[in-house]
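Asker: I would like to see how this sequence folds:
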Amino acid sequence: MEVIKYKSTRGGQKSVSASQAILKGLADDGGLFMPEKFPKFDFKFKELMWKGYKEVAYEVMKLLLCDYTEEELKDCIDKAYDDKFDTKEIAPLVKADGVYFLELFHGDTIAFKDMALSILPHLLTTAAKKNGIKNKIVILTATSGDTGKAAMSGFCDVEGTGIIVFYPKDGVSHVQRLQMVTQKGDNTDVVAIHGNFDDAQSGVKKIFADKDFAKKLDENGIQLSSANSINIGRLVPQIAYYVYAYLKLLDNGDVEDGEKINVCVPTGNFGNILAAYIAKQMGLPVNKLICASNENKVLFDFFENGVYDRNRKFILTSSPSMDILISSNLERLIYLSCGSDGEYVKKLMKELATDGKYTVTPAMKDFMKDFVGGYADEGQNFAGIKSLYDSTGYIIDTHTGVAFSVYQHYKDVTKDMTSTVIASTASPYKFADSVLEAILGKKQKMGDFEVIDKLHEIGAPDIPRAILEIKDAPVRHTRECDSADMQKEVEDILFNNRR
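Answerer: Coordinates of the predicted model:
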């Protein structure tokens with residue numbers, strides 16, 4: 001099997017192994033790690049269509065995580081995809097209103113981040129052993145709502161690790177906030193910042209880029225890594241569920257072997273849809289990648305006109321995990337579109353940092369023609385959720401609602417009847433107040449957990465364990481700071497051991 005190495009999107013990092021890329025999280029030059037080439041699937045889809053999720057995940061991940069032995073990788077997969085998921089399929093595929101919803105929310109935190117973050121701690125600790133790392137590994141991450149809880153759940157009390165999560169104080173749902181601030185674990189810390197997700201993400205990147213701080217950490221036996229989708233160890237596991245979805249379509253007789261499908265993804269940081277694109281490069285029969293945005297439609301505008309411009313009003317919506325104006329993983333697609341020219345990517349990222357925008361060349365824009373942008377405002381999102389419920393009884397969350405609305409518009413305009421999989425990225429219970437408002441036509445005057453009970457009453461499936469656990473859980477994390485003071489908070493946590 002070909003050994004795949006990783007290099008930085010900004011060209012200033014020598015090639016490293018998969019385990020080294022996962023350990024570092026971010027390249028030394030501030031770029032993101034990318035495989036030097038995409039291997040092709042070495043299996044036939046019909047051979048795998050009766051296999052379970054774990055077996056499919058192994059066949060996909062082994063091609064990109066080449067320095068993990070079969071025993072190591074299978075051990076990571078077994079530990080990740082266990083009874084923390086409330087369905088044996090791990091990622092069920094549900095057909096409703098002629099479209100296929102890939103339910104990625106059956107793990108501990110009832111969001112798609114579980115699918116990749118459940119395995120990352122095991123990939124990371126295995127990588128540390130493989131590379132002789134003695135330092136404590138501290139995960140530093142920003143979250144728009146879901147990554148934080150999923151990462152903390154995965155790293156909770158894992159020996160030799162710690163985790164610090166920053167989230168926008170006023171930019172997450174009540175359930176998302178409770179899931180984070182009630183998180184157990186002696187090695188977990190959560191900090192609310194006064195700002196939005198982009199501020200949190202930029203602050204984290206700034207800390208990673210501080211060489212003096214890295215030296216100070218190393219002198220104290222600590223090194224940083226990331227749990228965001230900027231870590232290749234987050235991105236690779238996401239490829240597996242698109243392959244799994246195709247196998248289920250094949251097994252159910254919904255597509256013929258080799259028949260192309262569309263994939264529609266509610267998109268914020270661009271990692272989830274990029275994983276689908278990589279799956280296509282590796283041999284998955286994919287036609288269009290429909291990139292669904294909410295009213296913070298920076299990605300829609302980019303795919304329309306080739307200009308990435310974050311200089312706009314930031315809008316808080318009912319789909320907060322998509323309330324993002326700097327989609328970090330887009331840098332990986334930019335890198336591919338310019339022929340892997342790290343210097344050119346560095347130039348564009350500098351323009352983004354200084355001017356808040358950059359423009360790609362016509363050739364780069366043409367390279368991205370597999371992608372179709374679309375967006376749904378709050379009214380369209382709520383209308384989509386209601387129409388799906390009224391016609392089928394199936395209930396989706398507000399992020400999946402954006403994707404469903406965008407897909408309906410795409411189908412109406414293009415008349416493209418290709419079988420389409422929508423990535424259903426969160427349980428409706430995670431955003432129960434907004435979902436209920438969409439279905440019933442007005443905001444309900446009731447408490448958060450009354451709303452959850454009402455949602456169950458009108459047809460949502462059993463209330464997940466993740467919701468029941470936070471109902472009366474004590475708040476353990478109360479830190480907050482300005483975005484400019486994030487590094488001070490990290491130092492206080494790591495060196496003063498204060499919570």
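Asker: return the distance of the helix or strand that residue 242 is a member of from the chain's centre.
Answerer: Residue 242 belongs to helix 232-251 when assigned by DSSP states H and E. Here the centre of helix 232-251 is set off from its chain's centre by 13 Å, with CA atoms, centre = their mean, to the nearest Å.
Asker: swap in stretch 80-99?
Answerer: Using CA atoms, centre = their mean, the offset of stretch 80-99 from its chain centre is 17 Å.
Asker: who touches it?
Answerer: Stretch 80-99 has contacts (CB atoms under 8 Å, 6 or more residues apart in numbering) with 52-54, 57, 100-104, 106-108, 114-115, 118-119, 122, 237, 241, 244-245, 248-249, 252, 254, 388, 391-392, 394, 404, 407, 420-422, 424, 464-465. From N, CA and C alone the C-beta is placed, and that goes for glycine too.
Asker: now do the end-to-end distance for it.
Answerer: Using CA to CA, to the nearest Å, the end-to-end distance of stretch 80-99 comes to 28 Å.
Asker: what residues sit buried inside it?
Answerer: By 16 or more other CB atoms under 10 Å, the buried positions in stretch 80-99 come out as 80-81, 84-86, 90-93, 96, 99.
Asker: what does stretch 472-492 give?
Answerer: For stretch 472-492, by 16+ other CB under 10 Å, it's 477, 479, 481, 483, 486-487, 489-490, 492.
Asker: those strands in the stretch 251-400 of the chain, which residues are they?
Answerer: 261-266, 286-293, 307-309, 357-359, 371-375 (DSSP state E, counting those that start in this stretch).
Asker: can you tell me which of the buried residues of stretch 472-492 end up in helices?
Answerer: 486-487, 489-490, 492 (DSSP state H).
Asker: which one of those sits closest to residue 156?
Answerer: The shortest gap between residue 156 and any of these belongs to residue 490, at 18.8 Å (CB to CB).
Asker: for the strands of the stretch 251-400 of the chain, give me JSON lines that also has distance to residue 130.
Answerer: Converted to JSON lines, the strands of the stretch 251-400 of the chain look like this (distance: least, CB to CB, whole Å):
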{"stretch": "strand 261-266", "distance to residue 130": "32"}
{"stretch": "strand 286-293", "distance to residue 130": "33"}
{"stretch": "strand 307-309", "distance to residue 130": "37"}
{"stretch": "strand 357-359", "distance to residue 130": "37"}
{"stretch": "strand 371-375", "distance to residue 130": "35"}
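Asker: deepest-packed of those strands, please.
Answerer: With neighbours defined by mean count of other CB atoms under 10 Å, none of the strands of the stretch 251-400 of the chain is more surrounded on average than strand 261-266, at a mean of 28.
Asker: ok, residues contacting that one?
Answerer: Defining contact as CB under 8 Å, 6+ apart, one finds that strand 261-266 is touched by 242, 246, 249, 255, 272-273, 276, 285-292, 294, 319, 322, 399-400, 402-404, 406-407, 410, 416, 418-423, 425.
Asker: ok, back up a step: CSV for the strands of the stretch 251-400 of the chain, including mean pLDDT and distance to residue 1?
Answerer: As requested, the strands of the stretch 251-400 of the chain are exported to CSV (pLDDT from 0 to 100; distance: least, CB to CB, whole Å):
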stretch, mean pLDDT, distance to residue 1
strand 261-266, 98, 27
strand 286-293, 98, 23
strand 307-309, 98, 36
strand 357-359, 98, 37
strand 371-375, 98, 30
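Asker: which among these is found nearest to residue 185?
Answerer: Proximity to residue 185, assessed across the strands of the stretch 251-400 of the chain by CB to CB, is greatest for strand 261-266 (29.1 Å).
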